[in-house]
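Participant: I would like the atomic coordinates for the input below:
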Amino acid sequence: MFSVVIPGRPCLTDIVAVDGQPNGQATKFAFTIPVSSSLNEIVVFFLPGTTLPPNTGAAIYAQLPNPSTNQPTDFRFIGALANEKPSGIFTVRQNPNAPHRSEAEEEDDMLDEAGANSGGVMTLGISIEEVQNIAPQLAALEAESPSQNMSTALVTQAVGQRQISTKVLAQRIIGSAFNFLASFAESDKGQDVVPLKSFHNWWAKFERRIEVDPTFLEREDPNANA
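Facilitator: Below is the predicted model of the structure:
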């Protein structure tokens, strides 16, 4: 489902599922990544054909080793992906304010890594979660590091737009139709009857509104008759 790219290293695809649901579908995954001083940022992306279930996103967590003891620290939320944003660059280094290294320094570290790994191991966790659980973490991450990268803002926007349920959207469409057509209802043998032409008029008006303002139904209090 996912892959990871670390500058100077082969693309990682050896993902491991760490849980399972009753239907057999895993929702939590992990990569094990050797740590070096050059490991500052990673790229995480969906493999071709990957689509998350509706109203979910892929929350990404990093568990880095303690530099003093080499023992794993707690998992830290570093960002998320969504169907609308299937790839992103994420900061994993323990000191986000550390200066970026030059290409020569990166090359030296890569040669050192070929001989030995003295930085311990990082676990990168990916968890399929409901968007309402991911959104607050994204907001907190963006507040903590507003200039970290563009992925946070883009995914925040994506998951925020998906919090409207299908049921609510259906109710708003039906409400729009009812409010419009009620004024054209005529009584026929004790029953309210709406001319078919009125429904066509409502549908044409509704389509025009969608073209002009595609997200009006997703807002909390849409003006259904506008």
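
Participant: low pLDDT regions in this structure?
Facilitator: For the chain, the stretches with pLDDT under 70 are 20-24, 93-119, 145-167, 214-215, 218-226.

Participant: at 80 instead, please
Facilitator: For the chain, the stretches flagged by pLDDT under 80 are 20-25, 37-38, 67-72, 93-119, 142-172, 187-192, 210-226.

Participant: mind giving me the domain ranges of this structure?
Facilitator: Per automatic domain parsing, the structural domains of the chain span 2-161, 166-218.

Participant: all strands for the chain, in order.
Facilitator: Per DSSP state E, the chain carries strands over the ranges 2-5, 16-17, 28-34, 41-46, 56-63, 76-81, 87-91, 121-130, 186-188, 191-193.

Participant: can you add mean neighbour count and distance to Arg209 and give the ones you listed back as TSV?
Facilitator: To be clear about C-beta, it is placed using only N, CA and C from the backbone, and glycine gets the same treatment. Output for these, formatted as TSV (neighbours: other Cβ atoms under 10 Å; distance: least, Cβ to Cβ, whole Å):
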stretch	mean neighbour count	distance to Arg209
strand 2-5	18	38
strand 16-17	12	44
strand 28-34	17	41
strand 41-46	19	33
strand 56-63	23	29
strand 76-81	23	31
strand 87-91	18	33
strand 121-130	19	30
strand 186-188	9	25
strand 191-193	10	25
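
Participant: with distance to Ala177 added, can I get the ones you listed in CSV?
Facilitator: Formatted as CSV, these follow (distance: least, Cβ to Cβ, whole Å):
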stretch, distance to Ala177
strand 2-5, 42
strand 16-17, 45
strand 28-34, 42
strand 41-46, 37
strand 56-63, 30
strand 76-81, 36
strand 87-91, 39
strand 121-130, 30
strand 186-188, 17
strand 191-193, 14
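
Participant: out of the ones you listed, flag the one nearest Leu138.
Facilitator: Closest of those to Leu138 is strand 76-81, at 6.0 Å (criterion: Cβ to Cβ).

Participant: just give me how far that closest one sits from the chain centre.
Facilitator: The chain centroid and the centroid of strand 76-81 are separated by 9 Å, computed with Cα atoms, centre = their mean, to the nearest Å.

Participant: report the inter-axis angle for that strand versus strand 41-46.
Facilitator: 40 degrees (axes from the mean of the first three to the mean of the last three Cα atoms, to 10 degrees).

Participant: dump strand 76-81 to CSV, restricted to CA.
Facilitator: What follows is strand 76-81, C-alpha atoms only, in CSV (Å, rounded to 0.1, in the frame of the first residue of the first chain):
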residue,chain,number,x,y,z
ARG,A,76,5.5,11.1,17.4
PHE,A,77,2.9,12.2,14.8
ILE,A,78,4.6,13.7,11.8
GLY,A,79,1.9,14.1,9.2
ALA,A,80,-0.7,12.3,7.2
LEU,A,81,-1.7,11.4,3.7
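
Participant: Val193 versus the residue nearest to Val92 when sequence neighbours are not counted, what's the distance?
Facilitator: Of all residues not flanking Val92 in the chain, Ala62 sits nearest, at 4.6 Å (Cβ to Cβ, 6 or more residues apart in numbering). Distance, Ala62 to Val193, by Cβ to Cβ, to the nearest Å: 63 Å.
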